[in-house]
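K.L.:
structure for this input, please:
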Amino acid sequence: MTDPETHVVAAFQGPVTCRRDDGVSVGVTLVGAAADSPGETLILTLIGMAPQDLPGTLPAARVVALDGQRCRIESSPREWLLSVRAIYAHRDVGTAFYRAIPPRPVPLKKRLFWRLVLLLAGGRLGRRMLRALRGS
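P.N.:
Sure, this is the predicted structure:
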């Protein structure tokens, strides 16, 4: 049973990449597939002190917010407690975006123009002509 003072901030499925930064601003960045949205990448940044023994990759992990400014990274068979100032979650929604709004087709004149330019750029004489047109 979970403690009423805690809640799951993020859950990952599959391998999770852990990037530690011992600098002033960032502690740990976790990157992996979101457990609640298949095919979506979840990027979770924990601002604070990173644990020294956190490995570079974790199997399916989840992050639980505890009381105050603490959180716990859980990944079987271990867990790590962190003192954090802030937690930022970002989702890569590019796939869903481009599925909803497909790119518009390129007009025929523009395709023919660029085909001609690339054809000219492929030969020595064509490159010389393109340079002359550019004025260089």
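K.L.:
tell me which helix or strand in the protein has the weakest average pLDDT.
P.N.:
Lowest by mean pLDDT, DSSP states H and E among the helices and strands of the chain is helix 94-100, with a mean of 82.
K.L.:
from the contact counts, what lies against whichever helix or strand comes after that helix?
P.N.:
Under the assignment DSSP states H and E, the closest C-terminal helix or strand after helix 94-100 is helix 108-121. Applying 3 or more Cβ pairs under 8 Å, 6 or more residues apart in numbering; DSSP states H and E, one finds that helix 108-121 contacts helix 124-134. The way it works is simple: take the backbone N, C-alpha and C, and place the C-beta from them, glycine included.
K.L.:
now the angle from the helix it packs on to helix 108-121?
P.N.:
Interaxial angle, helix 124-134 versus helix 108-121 (axes from the mean of the first three to the mean of the last three Cα atoms, to 10 degrees): 120 degrees.
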